[in-house]
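Student: What follows is a protein structure lacking sequence information:
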């Protein structure tokens, strides 16, 4: 594998971490099982069965429902890569058989079109997600092949990919409305060595923004919908959706929803549906890694800067707007109405992993850490079967986790990230070992032919003590990331402190014969302000400690949350509470609240007649909110 | 007239005031003329013409469109009361003729029903506003009669009132969904001396909350709509509206929208549509004045306390919620999404005038002043023909005055208040003279048989200098209100300072022979806080000076408004600017804004690395906003 998005194979990492292991076990034992039940309950599997048996009609669910099965297969495959599980393996094989049976002779496979619009294939690229589903099929197939060595699903994927390549070479000049296939095709290229898949990914990426197929599709909606275009019916409404999301207020073509408003290499601002954007940028990053392209790389740098400097929540969440699930304008980061879809946070982790592999810059690993512990993790309930699709940074008390969603993209996406988390902790990019995420467990890999074994223990996110035991055949540089939040880092090898220059990585280039590295990453509570242009956060602070963003929940505090003003010159004390939320470190911040006596019978009062009194505000990790009594929540507290 | 809502006749007052006269002249010369044009353009007059000529169908506008004509007649009559205007008088007579011609033999008069649902009269009391329109007809008729001595319109009104009395005595047991007729009937009783009108008002007031007709109407909507109930058509949708506004989320009867959730004498919180509430409370206040009723008075006191202590904007605006144009919960006073309908502010003035007449307590006159200068006046543009229906206390820049509204209740309501403003300045309640509003001009009235002449000059709202010259036949107590905002008041009679005890009224009980009273009401800018339970105002202050609430507009300030924090220990300087907004006193408040240098390329920063710099925030009177370049506005500024 050349320049793979993960230079570490999942089979090389075993996670055994106080913080992450319980999440991953719940993911395996609860979420993936629950997800499988949902495939049955939602009739996602039945769609394949019906298609396999040549039926028409009777399709159930969203038009991209097939992707739920593929995402489950991907997550289940990651579990199979990590340990034997005959029952899971059997179920995976059954689902693969069902999918293989549903595939048409030509290689085509999409149960929505096979059952509902058999004559409508490839007619509504922008809305109807054929290529998106194909991408998830390919990702699942690659995961399954890498986990098991089998090619049952890979054969399905390559047959479909070949068919797509033929169709798009000969007949169609267009790009998918929802990116996904691009990064999948590059994975497929790496597994198969078939350059045509890389070329096809490059074709989709480079055509984006030049594509004039959209205008055609928008003009021919009626024809596309089989002459039955009626926005009141379900089928009509998805076609109508095509019009809604791609036209601006003046009814003009506006491809920004799907990042098709300009050629990728000319883009400078993150636009449109944020999950789509992340999947596109991830693919572009891999294309740059494969083919090199300074213009594309420069575009990625601009897009990353725009996102992280102007369009990202402190949790790593992105895409503030509900209606188009996406980006809006610089500094538009409302808290209560934030969208910040869980899938978008996951997509950001995918992209940043690839940016790191391309550049070996710490800032990408920093952002992965921020997003993992906050914007992503908030999406999954402590029971493993309640989820947030939408992740606001404030709630008046009405926002709660749900069991499943009609558009069930987030839970399966979370499942595949949890299941493959090992791949996000280390990197051998550039021929050196990078320890990017301090997650306990073992690594056994090879760096430029040198076998390396790592045994890590980590107290993150509650404390900054990390220990690494390393063995290697030969000299190999080990790079330890000093997280952005760390106020002071000390490193000792076999008890002997090592000088370091304050770089973002401490680089230890030496022989390894079971040496123990002790890393002490100082972790202090910190009040953080947002750029003055962010209206929602004006006069407010967020509280962070280590990699965690904190929030105040109604259940922990006597007064309504808006009455607290966190003292910017006060103390914030940390205390670990094993009894709470499965064990979390709680913060108690000095705060002021208004006294109430002087208000008896009054609604307004001269400001100089009002008083405040001292109290403390209790804060819990943002990712743990809404796991207890429902109530209000705030990340950004008034500063006093 | 006994216990009249206005103990001063409009003909007794002539306003000549630097501040108010230009508004009243614009009202007369622009708004009332414009309003007449709208009666023609909206085909409101044509509806009467069609009804007069026995036509069916062709009705134009809202189902309560007739009331626009009545409100215009009322405003125009007030103008006729103040001065000769043959052209206006002719037009008034023409409109009256049209209305009289449209009246049915029985006395019935409502062009919506006559043209659209001739068989549906009195079938949908809760939604279809027949009694509301009747109330406005009666108010117009009383105004016209008092202004001109003529009975042309009064005859129409009494014929309709008699018909209503007959119908409701014999056939119907129900109350109107939109209160208005109650206060109108009491006016009609006072002008005619006919006790049956007072009885009918009392019947409507006392039946409210006991009324079981609503349930019947809701069950028979289909029948009521003539068997053609289809919520997609216009007629169906008004009937459907009946269901929407009277049923709660569980589909249960909930009369709170129209204050019918409980008998009035049991009510304690202001509920539902706020204009309706104000009209009801105004009528109840008059009923108490006429008949005495301790329970009803106690209810009024509770309702007033609830409104002013928990449910009122600092501008005097009421009813925060858009969907039902009304009250919600205690302390729910959002700024940007505030509804605070102009008509509700006007209704509050109507109610408070009556509460004053009943009690002679200064607090009601205080609230009238607050509402007049802020919540009401903001509703009318400086050109006299652009209006706010909705009066938010903050805007991101998208809220602007409009020329007219489909539901055109506010502009005509404002016109009738401006035209009759003289009646709100003085009172002879309780046999003493009260000077409640410091508005320049003359008063010639009689108090307990003693003729009194007053000549007032006033520098309000820009300065607190007021002069009153008084002549009277005999000894008469004159009460001068010390406004709630006044930090120090001095009074001199003929240059000689008078001691006073800090009461809300300075009472001068003496002979008057052209004595000059000089009143100096100290007026300092003041920062005001809201009750801690008001979430939207937490950590914020509003700036007031004298009777005026101020606001910051984007056009006057360099930075986005959210970046300013008003220094609570800083200065606020006042300066009068004749060149601005027709001449206003502008405030410059010391404020801090964030420095920007340290933010280059950053979105989040440790709070202790941020800095602020001193500046000033420019504020203009709230009522004058959105009369220049469109932009953001805020009343409640962050406090620093």
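Tutor: Perfect, I can see it now. These numbers were taken from a predicted model, which means no experiment stands behind them. Numbering: from 1, shown residues only, chains lettered A, B, ... in the order given.
Student: roughly how far apart are the most centrally placed residue in chain A and residue A:278?
Tutor: The C-alpha lying nearest the average C-alpha coordinate of chain A belongs to residue A:346 (CA atoms, centre = their mean; 0.2 Å). Remark: distance between residue A:346 and residue A:278 (CB to CB, to the nearest Å) = 8 Å. No exception for glycine: its C-beta is placed from N, CA and C like everyone else's.
Student: before we move on, the earlier item: tell me which element the residue nearest to the centre of chain A is part of?
Tutor: Element membership of residue A:346 [criterion: DSSP states H and E] is helix A:342-359.
Student: Which SSE is immediately downstream of that helix?
Tutor: helix A:362-370.
Student: quick one on the thing from earlier: show me the contacts for the residue nearest to the centre of chain A.
Tutor: Listed by CB atoms under 8 Å, 6 or more residues apart in numbering or on different chains, the contact partners of residue A:346 are A:278, A:376, A:410, A:413, A:414, A:417.
Student: Chain B contacts on the stretch 501-640 of chain A?
Tutor: Selection of the stretch 501-640 of chain A residues close to chain B by CB under 8 Å from any CB of the partner chain yields A:526-535, A:538-539, A:541-542, A:560, A:562-563, A:565, A:568, A:593-594, A:596, A:599, A:601-608, A:610, A:638-640.
Student: list the contacts for residue A:272?
Tutor: A:256, A:257, A:258, A:259, A:261, A:324, A:326, A:327.
Student: and what of residue A:581?
Tutor: Contacts of residue A:581 by CB under 8 Å, 6+ apart are A:382, A:620, A:621, A:624, A:627, A:628.
Student: please redo it, this time with the cut-off set to 6 Å
Tutor: Residue A:581 sits next to A:624, A:627 when contact means CB atoms under 6 Å, 6 or more residues apart in numbering or on different chains.
Student: three-state assignment of it?
Tutor: Secondary structure, DSSP: H, G, I helix; E, B strand; the rest coil: residue A:581 is coil.
Student: Next: residue A:136.
Tutor: Reduced to three states by three-state DSSP, residue A:136 is helix.
Student: Skip the chain neighbours and tell me the closest residue to it.
Tutor: Using CB to CB, 6 or more residues apart in numbering or on different chains and skipping the chain neighbours, the partner closest in space to residue A:136 is residue A:70 (3.8 Å).
Student: correct me, but the one you found touches residue A:137?
Tutor: Yes: Residue A:70 is within contact range of residue A:137, at 4.9 Å (criterion: CB atoms under 6 Å).
Student: Distance of residue A:232 relative to chain B?
Tutor: 12 Å (CB to the nearest CB, to the nearest Å).
Student: Which pLDDT value goes with that residue?
Tutor: Residue A:232 carries a pLDDT value of 71.
Student: can you check residue A:2 too?
Tutor: On pLDDT, residue A:2 comes in at 40.
Student: Likewise for residue A:235?
Tutor: At residue A:235, pLDDT is 72.
Student: hang on, the earlier thing: will you turn the contacts of residue A:272 into CSV that also has distance to residue B:425?
Tutor: Listed next are the contacts of residue A:272 as CSV, based on distance: CB to CB, whole Å:
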residue, distance to residue B:425
A:256, 58
A:257, 59
A:258, 64
A:259, 64
A:261, 61
A:324, 54
A:326, 56
A:327, 56
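Student: just the residues you listed now: which is nearest chain B?
Tutor: residue A:327 (13.9 Å; CB to the nearest CB).
Student: which residues in the stretch 101-250 of chain A form helices?
Tutor: Ranges of helices in the stretch 101-250 of chain A, per DSSP state H, counting those that start in this stretch, are A:111-115, A:130-148, A:152-170, A:181-192, A:195-207, A:213-219, A:221-224, A:234-246.
Student: Need those in JSON lines (columns: mean neighbour count).
Tutor: Formatted as JSON lines, the helices of the stretch 101-250 of chain A follow (neighbours: other CB atoms under 10 Å in any protein chain shown):
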{"stretch": "helix A:111-115", "mean neighbour count": "24"}
{"stretch": "helix A:130-148", "mean neighbour count": "26"}
{"stretch": "helix A:152-170", "mean neighbour count": "19"}
{"stretch": "helix A:181-192", "mean neighbour count": "25"}
{"stretch": "helix A:195-207", "mean neighbour count": "20"}
{"stretch": "helix A:213-219", "mean neighbour count": "17"}
{"stretch": "helix A:221-224", "mean neighbour count": "16"}
{"stretch": "helix A:234-246", "mean neighbour count": "18"}
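Student: Chain B contacts on the stretch 251-400 of chain A?
Tutor: A:309, A:314 (CB under 6 Å from any CB of the partner chain).
Student: for the stretch 251-400 of chain A, which spans come out with low pLDDT?
Tutor: Across the stretch 251-400 of chain A, nothing is flagged by pLDDT under 70.
Student: Let me see the ranges of the helices in it.
Tutor: A:274-291, A:294-310, A:342-359, A:362-370.
Student: closest one to residue A:588 among these?
Tutor: Residue A:588 sits nearest to helix A:362-370 of all these, at 23.2 Å, using CB to CB.
Student: re earlier: and the residue nearest to residue A:136, which of the three is it?
Tutor: helix.
Student: give the contact list for it.
Tutor: A:136, A:137, A:140.
Student: can you do 10 Å?
Tutor: Counting by CB atoms under 10 Å, 6 or more residues apart in numbering or on different chains, residue A:70 touches A:44, A:95, A:99, A:133-141, A:143, A:153, A:157, A:184, A:412, A:416.
Student: Can you tell me how far residue A:299 is from residue A:78?
Tutor: Note on residue A:299: its distance to residue A:78, by CB to CB, is 31 Å.
Student: just to revisit the earlier point, looking at the helices of the stretch 101-250 of chain A, which is closest to residue B:24?
Tutor: For residue B:24, the closest of the helices of the stretch 101-250 of chain A is helix A:234-246, at 49.4 Å, according to CB to CB.
Student: distance of the residue of the stretch 51-200 of chain A found nearest chain B from residue A:129?
Tutor: In the stretch 51-200 of chain A, the residue that lies nearest chain B is residue A:179 (25.0 Å; CB to the nearest CB). Per CB to CB, residue A:179 is found 11 Å from residue A:129.
Student: Overlap in contacts, the two.
Tutor: Common neighbours of residue A:179 and residue A:129 (criterion: CB under 10 Å, 6+ apart): residue A:135.
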